[in-house]
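Colleague: this is a predicted model, with the sequence first.
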Amino acid sequence: MSKRVVLAGAAGFLGSHLAERLVQGGYTVTGLDNFHTGHAANLAGLMDNKSFSFVEHDIRLPFSANCDAVMNFACPASPPAYQANAIGTLKINFHGTLNLLGLAKAARGTFFQASTSEIYGDPELHPQTENYRGAVNPIGPRACYDEGKRVAEALTFEYRRQHKLDVKVVRIFNTYGPRMRVDDGRVVSNFIVQALLGENITVYGDGRQTRSFCYVDDLVEGIVRLFQSDPLITGPMNIGNPVEFTIGELAELVIAITGSTSKIIRRPLPEDDPRQRCPDISLARQHLDWEPKIALAEGLLKTIRYFEEVLRRSGKGQAA
């Protein structure tokens with residue numbers, strides 16, 4: 001088992017949860033982050049742990065370390081964040097992935113790439129299986145992330161073919177939970193913050209577009225199982241919750257749990273926004289004996305409590 005892990009994107013929402021899980025599992029973790037969207041506070045529980053160290057670093061620049069595995073979770077994941085500097089997002093996915101692949105190759109270790117359900121675009125196959133090649137607009141406003149992640153997958157498998165590097169790729173579907181940013185821009189955090197502040201909840205389109213929401217603890221468990229799996233299990237592998245909800249249903253559930261007085265308002269659907277998104281997790285069930293356990297209402301309650309505390313500390317409190 002690989003014990004010394006370099007984890008890029010360690011201060012992010014997902015990366016920080018993964019860092020904790022790896023340390024708890026006996027790994028020695030070197031976390032990398034440039035704090036573009038990550039926060040040092042996300043790592044507060046690890047900074048005094050002898051099995052964790054942190055280096056402020058931008059993966060668009062090379063990095064050297066003695067390690068057994070490299071895990072790449074470094075990239076803005078919400079549309080407002082990755083569209084704010086689209087060329088920078090492309091560079092993170094190309095130059096950053098290339099640099100980390102080089103680190104794994106030099107260390108003769110395993111390379112683990114965090115990919116995304118966004119590589120399926122606005123899918124014509126539902127639910128999405130790993131052999132579906134997607135329907136992505138390569139010149140649209142989301143392409144910096146969608147195509148960036150697609151090229152990161154291509155780089156990863158070329159290193160496997162040309163350099164015999166052990167690799168694994170996970171395709172992550174919509175994930176939510178504590179440590180999401182208040183200004184994250186993704187639908188769960190948007191709805192929760194708006195509800196807690198008593199603001200109108202903004203639903204784009206008619207609200208009938210669907211997503212499948214996976215609580216972060218479930219997702220991290222799937223990622224770790226894939227990381228620890230046989231080297232012949234390379235992925236890409238979908239990890240996400242196959243239970244599908246409409247965006248309208250999500251808004252109503254958030255209002256009900258928070259007891260908010262917020263009203264739902266509608267805005268035009270952004271360009272290239274997917275109409276359906278739901279993973280087929282047959283491979284994860286077969287090879288990892290994994291499937292999510294936390295229902296949406298339970299996970300939302302935990303996430304809402306987190307945001308209540310964040311807003312209280314910020315002085316905004318709960319206006320609803």
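Modeller: Arrived safely, thanks for sending. Since this is a predicted model, take the numbers as computed values, not measurements.
Colleague: next secondary structure after the helix or strand harbouring Thr89?
Modeller: Following DSSP states H and E, one finds Thr89 within helix 86-91. The element immediately downstream of helix 86-91 (helix or strand, assigned by DSSP H and E) is helix 97-107.
Colleague: and that next one, average pLDDT?
Modeller: Computed over helix 97-107, the mean pLDDT rounds to 98.
Colleague: tell me which residues are up against that helix.
Modeller: Residues from elsewhere that reach helix 97-107, judged by Cβ atoms under 8 Å, 6 or more residues apart in numbering: 6, 8, 59-70, 72, 110-111, 113, 151-152, 155-156, 159, 163, 165. All C-beta spots, glycine's among them, are computed from the backbone N, C-alpha and C.
Colleague: so what's the gap between it and the chain middle?
Modeller: In terms of Cα atoms, centre = their mean, to the nearest Å, the centre of helix 97-107 is found 21 Å from the chain centre.
Colleague: list the buried residues in that helix.
Modeller: Thr97, Leu98, Asn99, Leu100, Leu101, Gly102, Leu103, Ala104, Lys105, Ala107 (16 or more other Cβ atoms under 10 Å).
Colleague: got a list of what the closest residue to Gly177 other than its chain neighbours touches?
Modeller: Nearest residue to Gly177, sequence neighbours excluded (Cβ to Cβ, 6 or more residues apart in numbering): Val216, at 3.3 Å. With contact set as Cβ under 8 Å, 6+ apart, Val216 has these partners: Phe13, Leu14, His17, Thr175, Tyr176, Gly177, Pro178, Arg179.
Colleague: quick check, the last one in contact with Gly15.
Modeller: No. Applying Cβ atoms under 8 Å, one finds Arg179 not in contact with Gly15, separated by 9.5 Å.
Colleague: report the set of residues contacting both of the two.
Modeller: Asn42.
Colleague: the helices in the stretch 1-150 of the chain, which residues?
Modeller: Along the stretch 1-150 of the chain, counting by DSSP state H, counting those that start in this stretch, helices occupy 13-24, 79-84, 86-91, 97-107, 143-163.
Colleague: low-confidence bits of the stretch 201-320 of the chain, can you list those?
Modeller: 317-320 (pLDDT under 70).
Colleague: now the farthest one out in this structure, which residue is it?
Modeller: Thr261 (30.3 Å; Cα atoms, centre = their mean).
Colleague: and that residue, how far is that from Leu253?
Modeller: Thr261 is 16 Å from Leu253, where distance means Cβ to Cβ, to the nearest Å.
Colleague: try Lys316
Modeller: Taking Cβ to Cβ, one finds Lys316 at 22 Å from Leu253.
Colleague: so how far is Arg275 from Gln209?
Modeller: Distance of Gln209 to Arg275, given as Cβ to Cβ: 5 Å.
Colleague: which residues does Lys302 contact?
Modeller: Contact analysis of Lys302 by Cβ under 8 Å, 6+ apart lists Gly177, Pro178, Tyr215.
Colleague: which one of the residues you listed is nearest Glu308?
Modeller: Set against Glu308, the nearest of the contacts of Lys302 by Cβ to Cβ is Pro178 (11.0 Å).
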